[in-house]
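> Below: sequence and its predicted model.
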Amino acid sequence: EENQPPHLTLKDALAPTAVNLARYAGPESRYCPAGVYEFVDERLVINAQNCLHCKTCQRKCPFDNIRWTAPEGGGGPRYKRM
């Protein structure tokens, strides 16, 4: 739902621009399969409504800066063979 609190947050809001964009050309915009993260005017924008809940962002962030929490309503992948 659109009115729930964001489940993707940053521990340090300055790190994506100051470090990741400057040093690594913004990997956030490349490793997310759903395109949740994009840089607009050298600022990281998080489009949480596009999230697939795969947690790739939390694993691939070079500085462990992305905090992923389970969204309300228990959404996320449902694996049939686990």
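Cool, the structure landed. It should be emphasised that the depicted structure is a prediction, and the values quoted were computed from it without experimental measurement. Residues are numbered from 1 along each chain as shown.
> Just say helix, strand or coil for the nearest residue to Y24 once chain neighbours are set aside.
Nearest residue to Y24, sequence neighbours excluded (Cβ to Cβ, 6 or more residues apart in numbering): P62, at 6.3 Å. Where C-beta positions appear, they are placed from N, C-alpha and C, glycine not excepted. Three-state call for P62 (DSSP: H, G, I helix; E, B strand; the rest coil): coil.
> Would you confirm that P62 contacts N20?
Yes: here P62 reaches N20: they are 6.4 Å apart, a contact under Cβ atoms under 8 Å.
> any common contacting residues for the two?
P27 (Cβ atoms under 8 Å, 6 or more residues apart in numbering).
> who's more crowded, these two?
Taking other Cβ atoms under 10 Å, P62 and N20 do not tie; N20 has more neighbours (21 against 13).
> and that one, what pLDDT?
N20 is assigned a predicted lDDT (pLDDT) of 87.
> give the contact list for it.
G26, P27, E28, C61, P62, F63, N65.
> neighbour-wise, which of those leads?
Of the contacts of N20, E28 is surrounded by the most neighbours, 24 neighbours in total, counting by other Cβ under 10 Å.
> Excluding chain neighbours, give the residue nearest to it in space.
E28 sits nearest to Y37 (Cβ to Cβ, 6+ apart), 3.7 Å away.
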